[in-house]
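K.L.:
have a look; sequence and predicted model below, questions after that.
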Amino acid sequence: MTNWLRMAAVALTLSLVTAPAYAEAPATKIRFTLDWKIQGIHAWFYWAKAKGYFKAENLDVTIDQGEGSAATVTRILSGAYDAGFGDINAIIQNAATRPAETPRMVYMIYSKAPFALLTKANGPLKSLKDLPGTKVGAPAGAATLKLLPVLAKNNQIDPASLNITQVAPNLQEQMLLQGQVDSIAVFSATSYMNLVSLKLDPDKDFRWFFYSDHGIDLYSNGVMVSPKLAHEKPDAVKGLLRAINRAIRETIADPQAAIDLLATEEPLLKKDIELRRLTYVYGSLIDTPEARQLGLGDVNDERLKSSISIVSSAFELAKQPDAVQVFDRGFLPPKAERMPPAANH
(Lines give C-alpha, C1' and ligand atoms only; values in the text may rest on other atoms or scores of the structure.)
Protein backbone atom coordinates (compact mmCIF):
# COMPACT_ATOMS: atom_id res chain seq x y z
CA MET A 1 0.00 0.00 0.00
CA THR A 2 2.90 2.30 0.86
CA ASN A 3 4.51 1.69 -2.54
CA TRP A 4 1.21 2.46 -4.25
CA LEU A 5 0.96 5.77 -2.41
CA ARG A 6 4.53 6.64 -3.41
CA MET A 7 3.79 5.89 -7.06
CA ALA A 8 0.63 8.00 -6.90
CA ALA A 9 2.57 10.90 -5.40
CA VAL A 10 5.18 10.68 -8.14
CA ALA A 11 2.47 10.63 -10.82
CA LEU A 12 0.76 13.63 -9.24
CA THR A 13 4.04 15.54 -9.12
CA LEU A 14 4.74 14.82 -12.78
CA SER A 15 1.25 15.99 -13.75
CA LEU A 16 1.77 19.24 -11.85
CA VAL A 17 5.10 19.83 -13.54
CA THR A 18 3.61 19.42 -17.00
CA ALA A 19 0.31 21.19 -16.22
CA PRO A 20 1.48 24.79 -16.91
CA ALA A 21 2.09 23.92 -20.56
CA TYR A 22 -1.61 23.28 -20.88
CA ALA A 23 -2.88 25.89 -18.42
CA GLU A 24 -0.92 28.85 -19.83
CA ALA A 25 -3.13 31.90 -20.31
CA PRO A 26 -4.07 32.68 -23.92
CA ALA A 27 -2.05 35.43 -25.57
CA THR A 28 -3.46 38.94 -25.28
CA LYS A 29 -4.48 40.19 -28.71
CA ILE A 30 -3.39 43.78 -29.45
CA ARG A 31 -4.41 45.58 -32.64
CA PHE A 32 -1.65 48.11 -33.32
CA THR A 33 -1.85 50.92 -35.90
CA LEU A 34 1.07 52.80 -37.40
CA ASP A 35 0.91 56.50 -38.23
CA TRP A 36 1.47 56.03 -41.97
CA LYS A 37 2.52 53.64 -44.71
CA ILE A 38 5.46 51.38 -43.81
CA GLN A 39 8.72 53.34 -43.62
CA GLY A 40 12.14 52.86 -42.06
CA ILE A 41 10.96 54.57 -38.88
CA HIS A 42 8.61 51.63 -38.28
CA ALA A 43 11.35 49.01 -38.44
CA TRP A 44 11.43 48.34 -34.68
CA PHE A 45 7.76 47.33 -34.54
CA TYR A 46 8.26 44.67 -37.19
CA TRP A 47 11.59 43.66 -35.64
CA ALA A 48 9.82 42.98 -32.32
CA LYS A 49 7.23 40.86 -34.10
CA ALA A 50 9.65 38.93 -36.32
CA LYS A 51 12.11 38.22 -33.50
CA GLY A 52 9.34 36.86 -31.29
CA TYR A 53 9.56 39.57 -28.63
CA PHE A 54 5.81 40.14 -28.59
CA LYS A 55 5.20 36.40 -28.41
CA ALA A 56 7.67 36.11 -25.53
CA GLU A 57 5.47 38.59 -23.63
CA ASN A 58 2.42 36.41 -24.39
CA LEU A 59 1.10 38.99 -26.86
CA ASP A 60 -0.51 38.44 -30.24
CA VAL A 61 0.15 41.78 -31.97
CA THR A 62 -1.34 42.68 -35.36
CA ILE A 63 0.30 45.71 -37.04
CA ASP A 64 -1.60 47.76 -39.64
CA GLN A 65 -0.51 50.75 -41.70
CA GLY A 66 -1.90 54.15 -40.73
CA GLU A 67 -3.49 57.28 -42.17
CA GLY A 68 -1.63 59.99 -40.26
CA SER A 69 -0.21 60.66 -36.80
CA ALA A 70 -3.44 62.25 -35.58
CA ALA A 71 -5.55 59.46 -37.10
CA THR A 72 -3.86 56.99 -34.74
CA VAL A 73 -5.71 58.69 -31.87
CA THR A 74 -9.10 58.57 -33.59
CA ARG A 75 -8.55 54.93 -34.60
CA ILE A 76 -7.97 53.97 -30.96
CA LEU A 77 -10.84 56.19 -29.78
CA SER A 78 -13.18 54.34 -32.15
CA GLY A 79 -12.28 51.01 -30.59
CA ALA A 80 -10.88 49.64 -33.85
CA TYR A 81 -7.37 49.53 -32.35
CA ASP A 82 -5.93 48.96 -28.89
CA ALA A 83 -2.61 50.72 -29.36
CA GLY A 84 -0.57 52.57 -31.96
CA PHE A 85 2.21 54.92 -32.98
CA GLY A 86 0.97 58.50 -33.22
CA ASP A 87 1.11 62.13 -32.15
CA ILE A 88 0.84 63.23 -28.52
CA ASN A 89 -0.44 66.63 -29.67
CA ALA A 90 -3.55 64.93 -31.06
CA ILE A 91 -3.98 63.25 -27.67
CA ILE A 92 -3.93 66.70 -26.04
CA GLN A 93 -6.63 67.97 -28.40
CA ASN A 94 -8.94 65.02 -27.75
CA ALA A 95 -8.26 64.84 -24.01
CA ALA A 96 -9.67 68.35 -23.71
CA THR A 97 -13.18 67.05 -24.43
CA ARG A 98 -13.02 63.25 -23.97
CA PRO A 99 -10.39 62.58 -21.28
CA ALA A 100 -11.81 59.22 -20.15
CA GLU A 101 -11.83 57.76 -23.66
CA THR A 102 -8.70 59.32 -25.17
CA PRO A 103 -5.62 57.09 -25.40
CA ARG A 104 -2.59 57.81 -23.23
CA MET A 105 0.96 58.10 -24.47
CA VAL A 106 3.01 55.47 -22.63
CA TYR A 107 6.35 55.57 -24.49
CA MET A 108 7.64 58.76 -26.13
CA ILE A 109 9.74 58.03 -29.24
CA TYR A 110 10.11 61.42 -30.94
CA SER A 111 11.54 63.45 -28.06
CA LYS A 112 11.91 66.36 -30.49
CA ALA A 113 8.97 67.32 -32.70
CA PRO A 114 9.65 67.22 -36.47
CA PHE A 115 7.77 70.49 -37.17
CA ALA A 116 9.94 72.85 -39.23
CA LEU A 117 10.01 75.63 -41.80
CA LEU A 118 12.09 74.60 -44.80
CA THR A 119 13.63 77.08 -47.23
CA LYS A 120 16.35 77.04 -49.89
CA ALA A 121 19.79 77.97 -48.63
CA ASN A 122 19.97 80.80 -51.18
CA GLY A 123 16.39 81.95 -50.53
CA PRO A 124 15.21 85.18 -48.87
CA LEU A 125 14.57 83.58 -45.47
CA LYS A 126 17.81 83.89 -43.49
CA SER A 127 16.10 84.03 -40.09
CA LEU A 128 12.55 83.97 -38.76
CA LYS A 129 12.63 87.78 -38.68
CA ASP A 130 12.47 87.62 -42.49
CA LEU A 131 9.09 85.82 -42.45
CA PRO A 132 6.81 88.87 -42.87
CA GLY A 133 6.02 89.39 -46.54
CA THR A 134 7.42 86.06 -47.69
CA LYS A 135 5.21 83.24 -48.98
CA VAL A 136 4.81 80.20 -46.72
CA GLY A 137 3.33 77.04 -48.19
CA ALA A 138 1.54 74.41 -46.07
CA PRO A 139 -1.26 71.86 -46.45
CA ALA A 140 -4.61 72.95 -45.04
CA GLY A 141 -5.15 71.52 -41.56
CA ALA A 142 -1.51 70.52 -41.06
CA ALA A 143 -0.24 70.82 -37.49
CA THR A 144 2.74 72.80 -38.78
CA LEU A 145 0.33 75.38 -40.20
CA LYS A 146 -1.86 75.48 -37.08
CA LEU A 147 1.21 76.17 -34.95
CA LEU A 148 2.69 78.78 -37.29
CA PRO A 149 0.91 81.77 -35.65
CA VAL A 150 2.17 80.55 -32.26
CA LEU A 151 5.69 80.34 -33.66
CA ALA A 152 5.33 83.87 -35.04
CA LYS A 153 4.04 85.36 -31.78
CA ASN A 154 6.77 83.66 -29.82
CA ASN A 155 9.34 85.37 -32.05
CA GLN A 156 7.73 88.84 -31.95
CA ILE A 157 6.24 88.50 -35.43
CA ASP A 158 2.68 89.62 -36.20
CA PRO A 159 0.79 86.51 -37.45
CA ALA A 160 -1.23 88.81 -39.71
CA SER A 161 1.98 89.58 -41.61
CA LEU A 162 2.32 85.96 -42.74
CA ASN A 163 1.46 85.22 -46.35
CA ILE A 164 0.11 81.66 -46.35
CA THR A 165 -0.38 79.62 -49.51
CA GLN A 166 -2.19 76.31 -49.15
CA VAL A 167 -0.45 73.49 -51.03
CA ALA A 168 -1.07 69.79 -51.58
CA PRO A 169 1.16 67.66 -49.31
CA ASN A 170 2.73 65.85 -52.27
CA LEU A 171 3.64 69.14 -54.01
CA GLN A 172 5.29 71.02 -51.14
CA GLU A 173 8.92 70.49 -52.08
CA GLN A 174 8.27 71.05 -55.80
CA MET A 175 6.59 74.41 -55.13
CA LEU A 176 9.56 75.47 -53.00
CA LEU A 177 12.04 74.41 -55.68
CA GLN A 178 10.06 76.24 -58.38
CA GLY A 179 9.99 79.44 -56.32
CA GLN A 180 6.20 79.51 -55.97
CA VAL A 181 6.71 79.80 -52.19
CA ASP A 182 9.68 80.98 -50.15
CA SER A 183 9.34 78.37 -47.42
CA ILE A 184 7.17 75.39 -46.54
CA ALA A 185 5.92 74.25 -43.13
CA VAL A 186 6.84 70.58 -43.02
CA PHE A 187 7.24 67.36 -41.07
CA SER A 188 11.02 66.95 -41.28
CA ALA A 189 11.06 63.15 -41.33
CA THR A 190 9.05 63.25 -44.56
CA SER A 191 10.51 66.28 -46.35
CA TYR A 192 14.14 65.37 -45.63
CA MET A 193 13.77 62.10 -47.50
CA ASN A 194 11.66 63.67 -50.27
CA LEU A 195 14.64 65.94 -50.98
CA VAL A 196 17.03 62.99 -50.91
CA SER A 197 14.78 61.21 -53.42
CA LEU A 198 15.08 64.27 -55.67
CA LYS A 199 18.89 63.89 -55.55
CA LEU A 200 19.25 67.05 -53.46
CA ASP A 201 21.28 67.57 -50.29
CA PRO A 202 18.84 68.43 -47.47
CA ASP A 203 21.65 69.69 -45.26
CA LYS A 204 23.65 71.83 -47.70
CA ASP A 205 21.02 73.02 -50.19
CA PHE A 206 18.39 73.98 -47.63
CA ARG A 207 17.91 75.80 -44.34
CA TRP A 208 15.76 74.28 -41.58
CA PHE A 209 13.97 76.28 -38.87
CA PHE A 210 12.75 73.74 -36.32
CA TYR A 211 9.87 75.05 -34.23
CA SER A 212 11.53 73.45 -31.19
CA ASP A 213 14.62 75.65 -31.68
CA HIS A 214 12.45 78.78 -31.67
CA GLY A 215 10.34 78.44 -28.55
CA ILE A 216 7.71 75.87 -29.62
CA ASP A 217 9.30 72.90 -27.88
CA LEU A 218 6.75 70.12 -28.35
CA TYR A 219 6.86 66.37 -28.14
CA SER A 220 5.61 64.28 -31.01
CA ASN A 221 5.11 60.61 -31.89
CA GLY A 222 5.23 57.66 -29.55
CA VAL A 223 3.39 54.55 -28.44
CA MET A 224 -0.12 55.11 -27.12
CA VAL A 225 -2.70 52.69 -25.73
CA SER A 226 -6.42 52.78 -25.07
CA PRO A 227 -7.60 53.44 -21.49
CA LYS A 228 -9.35 50.05 -21.66
CA LEU A 229 -6.14 48.15 -22.42
CA ALA A 230 -4.19 50.10 -19.79
CA HIS A 231 -6.83 49.44 -17.12
CA GLU A 232 -7.71 45.83 -17.90
CA LYS A 233 -4.35 44.51 -19.11
CA PRO A 234 -1.57 46.57 -17.49
CA ASP A 235 0.91 43.68 -17.70
CA ALA A 236 0.24 43.40 -21.44
CA VAL A 237 1.06 47.10 -21.86
CA LYS A 238 4.30 46.63 -19.92
CA GLY A 239 5.16 43.64 -22.10
CA LEU A 240 4.38 45.59 -25.26
CA LEU A 241 6.78 48.36 -24.21
CA ARG A 242 9.51 45.92 -23.16
CA ALA A 243 9.36 44.30 -26.60
CA ILE A 244 9.36 47.62 -28.49
CA ASN A 245 12.12 49.10 -26.32
CA ARG A 246 14.34 46.09 -26.94
CA ALA A 247 13.60 46.24 -30.65
CA ILE A 248 14.48 49.95 -30.88
CA ARG A 249 17.86 49.36 -29.29
CA GLU A 250 18.64 46.38 -31.55
CA THR A 251 17.38 48.17 -34.68
CA ILE A 252 19.72 51.10 -34.04
CA ALA A 253 22.61 48.72 -33.39
CA ASP A 254 22.07 47.09 -36.81
CA PRO A 255 19.86 49.35 -38.95
CA GLN A 256 20.71 47.60 -42.22
CA ALA A 257 19.48 44.26 -40.86
CA ALA A 258 16.32 45.99 -39.63
CA ILE A 259 15.63 47.52 -43.05
CA ASP A 260 16.33 44.19 -44.77
CA LEU A 261 13.76 42.57 -42.49
CA LEU A 262 11.29 45.40 -43.10
CA ALA A 263 11.63 44.89 -46.85
CA THR A 264 10.26 41.36 -46.46
CA GLU A 265 7.09 42.99 -45.09
CA GLU A 266 6.95 45.68 -47.81
CA PRO A 267 8.72 44.48 -51.00
CA LEU A 268 8.34 47.89 -52.71
CA LEU A 269 10.39 49.55 -49.97
CA LYS A 270 13.41 51.52 -51.25
CA LYS A 271 15.94 50.19 -48.81
CA ASP A 272 18.59 52.89 -49.30
CA ILE A 273 16.04 55.68 -48.73
CA GLU A 274 14.46 54.04 -45.70
CA LEU A 275 17.83 53.23 -44.13
CA ARG A 276 18.75 56.89 -44.35
CA ARG A 277 15.33 57.93 -43.02
CA LEU A 278 15.76 55.63 -40.04
CA THR A 279 19.22 56.92 -39.13
CA TYR A 280 18.24 60.56 -39.77
CA VAL A 281 15.15 60.39 -37.56
CA TYR A 282 17.00 58.58 -34.80
CA GLY A 283 19.80 61.14 -34.80
CA SER A 284 17.58 64.24 -35.07
CA LEU A 285 14.35 63.39 -33.23
CA ILE A 286 14.97 60.44 -30.89
CA ASP A 287 18.54 60.49 -29.56
CA THR A 288 18.21 63.91 -27.92
CA PRO A 289 19.99 65.34 -24.84
CA GLU A 290 16.75 64.82 -22.91
CA ALA A 291 16.47 61.19 -23.99
CA ARG A 292 20.08 60.63 -22.93
CA GLN A 293 19.19 62.05 -19.52
CA LEU A 294 15.80 60.39 -18.93
CA GLY A 295 16.07 57.34 -21.17
CA LEU A 296 13.99 56.55 -24.26
CA GLY A 297 10.25 56.67 -23.70
CA ASP A 298 10.11 59.20 -20.86
CA VAL A 299 9.34 62.94 -20.84
CA ASN A 300 10.24 65.97 -18.77
CA ASP A 301 7.17 66.91 -16.73
CA GLU A 302 7.62 70.69 -16.94
CA ARG A 303 8.25 70.54 -20.68
CA LEU A 304 5.14 68.38 -21.11
CA LYS A 305 3.00 70.88 -19.18
CA SER A 306 4.38 73.71 -21.32
CA SER A 307 3.66 71.82 -24.55
CA ILE A 308 0.09 71.10 -23.40
CA SER A 309 -0.36 74.83 -22.80
CA ILE A 310 1.06 75.70 -26.25
CA VAL A 311 -1.20 73.20 -28.04
CA SER A 312 -4.26 74.25 -26.03
CA SER A 313 -3.68 77.86 -27.05
CA ALA A 314 -2.89 77.11 -30.71
CA PHE A 315 -6.00 74.99 -31.21
CA GLU A 316 -8.19 77.15 -28.93
CA LEU A 317 -9.20 74.21 -26.76
CA ALA A 318 -12.14 74.78 -24.42
CA LYS A 319 -10.23 73.14 -21.59
CA GLN A 320 -6.53 72.46 -21.01
CA PRO A 321 -6.07 68.76 -20.11
CA ASP A 322 -3.88 67.67 -17.22
CA ALA A 323 -0.56 66.00 -17.92
CA VAL A 324 -1.79 62.72 -16.36
CA GLN A 325 -4.54 62.60 -18.99
CA VAL A 326 -1.92 62.76 -21.73
CA PHE A 327 1.12 60.73 -20.62
CA ASP A 328 1.58 57.78 -18.24
CA ARG A 329 5.14 56.59 -17.47
CA GLY A 330 3.89 53.81 -15.20
CA PHE A 331 4.37 51.10 -17.85
CA LEU A 332 7.95 51.96 -18.86
CA PRO A 333 10.81 49.47 -18.53
CA PRO A 334 13.54 50.44 -16.03
CA LYS A 335 15.64 53.45 -17.05
CA ALA A 336 18.82 51.36 -17.34
CA GLU A 337 17.14 49.37 -20.13
CA ARG A 338 16.04 52.51 -21.99
CA MET A 339 19.29 54.39 -22.49
CA PRO A 340 19.74 55.45 -26.17
CA PRO A 341 22.34 53.35 -27.97
CA ALA A 342 24.96 54.94 -30.18
CA ALA A 343 23.76 54.96 -33.78
CA ASN A 344 25.45 52.44 -36.06
CA HIS A 345 25.35 53.89 -39.58
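P.N.:
That came through, no problem. Residues are numbered from 1 along each chain as shown.
K.L.:
is it fair to say Phe209 lies in a strand?
P.N.:
Yes: assigned with DSSP: H, G, I helix; E, B strand; the rest coil, Phe209 falls within a strand.
K.L.:
list the contacts for Val196?
P.N.:
Taking C-beta atoms under 8 Å, 6 or more residues apart in numbering, we find Val196 in contact with Pro202, Ile273, Arg276. C-betas here are computed from N, CA, C, even on glycine.
K.L.:
burial count for the nearest residue to Pro159 once chain neighbours are set aside?
P.N.:
What sits nearest to Pro159 in space, not counting adjacent residues and going by C-beta to C-beta, 6 or more residues apart in numbering, is Pro149, at 3.8 Å. By other C-beta atoms under 10 Å, 17 other residues sit near Pro149.
K.L.:
coming back round to it: now a PyMOL select for only the buried ones of the contacts of Val196.
P.N.:
Of the contacts of Val196, the buried ones can be selected in PyMOL as follows, counting by 16 or more other C-beta atoms under 10 Å:
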select buried, resi 202+273+276
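K.L.:
can you list the contacts of Val196 in a markdown table and add secondary structure?
P.N.:
Below are the contacts of Val196 laid out as a markdown table (three-state DSSP):
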| residue | secondary structure |
| --- | --- |
| Pro202 | coil |
| Ile273 | helix |
| Arg276 | helix |
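K.L.:
ok so, going back, for the residue nearest to Pro159, helix, strand, or coil?
P.N.:
helix.
K.L.:
ok, of the contacts of Val196, which one's closest to Lys37?
P.N.:
Ile273 (12.8 Å; C-beta to C-beta).
K.L.:
so who does the residue nearest to Pro159 touch?
P.N.:
Pro149 touches Pro159, Leu162, Ala314, counting by C-beta under 8 Å, 6+ apart.
K.L.:
excluding chain neighbours, what is closest to the last one?
P.N.:
What it means is Ala314. Looking at Ala314 with C-beta to C-beta, 6+ apart, the closest residue is Val150, at 4.7 Å.
K.L.:
distance of the one you found from Asp235?
P.N.:
40 Å (C-beta to C-beta, to the nearest Å).
K.L.:
who has more neighbours, those two?
P.N.:
Val150 (19 against 11).
K.L.:
go through the helix or strand harbouring Ala257 and flag the buried ones.
P.N.:
For Ala257, the host element (DSSP states H and E) is helix 255-265. Of the residues in helix 255-265, Pro255, Ala258, Ile259, Leu261, Leu262, Ala263 count as buried by neighbour count, 16+ other C-beta under 10 Å.
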